[in-house]
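Engineer: Provided below are the primary sequence and the corresponding predicted coordinates.
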Amino acid sequence: MIERLAPEPADAASPCINVCVIDDATRWCVGCGRTIGEIVGWGSAGVATRRAIRGQLPERMAALRENGPSPTPRQVPNRRW
């Protein structure tokens, strides 16, 4: 028997936009604003945790836009999280 899962709430969905480059200064992804730990743990994080992380992202992304990425951002290896 196949069990159907409830759809993921939009405000808890992954913010990934497939621009996986980590800023050396902030340690945030310049595409979505999450840390490596947040990216890796996203699939097992509960909805409340995901919402809390997403709540921080607008401020992080604004800081990245304001300050620009560090001179040597590092690309995250191309892999499926």
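Structural biologist: Good, I have the coordinates.

Engineer: Please enumerate residues in contact with the host helix or strand of residue 53?
Structural biologist: According to DSSP states H and E, residue 53 maps onto helix 47-67. Contact partners of helix 47-67, identified using C-beta atoms under 8 Å, 6 or more residues apart in numbering, comprise 8-9, 11-13, 15, 23, 25-26, 28, 30, 32-34, 38, 42, 45. Quick note: C-beta positions are derived from backbone N, CA and C, even for glycine.

Engineer: mind redoing it with 10 Å?
Structural biologist: 8-9, 11-15, 23, 25-26, 28-35, 38-39, 41-43, 45-46, 70, 73 (C-beta atoms under 10 Å, 6 or more residues apart in numbering).

Engineer: can you check stretch 1-13 too?
Structural biologist: By C-beta under 10 Å, 6+ apart, the surrounding residues in contact with stretch 1-13 are 14, 42, 45-55.

Engineer: please redo it, this time with the cut-off set to 6 Å
Structural biologist: The contact list for stretch 1-13 (C-beta atoms under 6 Å, 6 or more residues apart in numbering) reads 47, 50, 51.

Engineer: I'd like the distance between the residue sitting nearest the centre point of the chain and residue 41.
Structural biologist: Nearest to the mean C-alpha position of the chain, by C-alpha atoms, centre = their mean, lies residue 34 at 3.5 Å. Going from residue 34 to residue 41 by C-beta to C-beta, to the nearest Å gives 10 Å.

Engineer: for residue 68, same thing?
Structural biologist: 27 Å.

Engineer: Using ChimeraX, define a selection of the buried residues within the contacts of helix 47-67.
Structural biologist: Those of the contacts of helix 47-67 that count as buried under 16 or more other C-beta atoms under 10 Å are selected in ChimeraX with:
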select :12,15,23,26,28,29,30,31,32,33,34,35,38,39,42,73
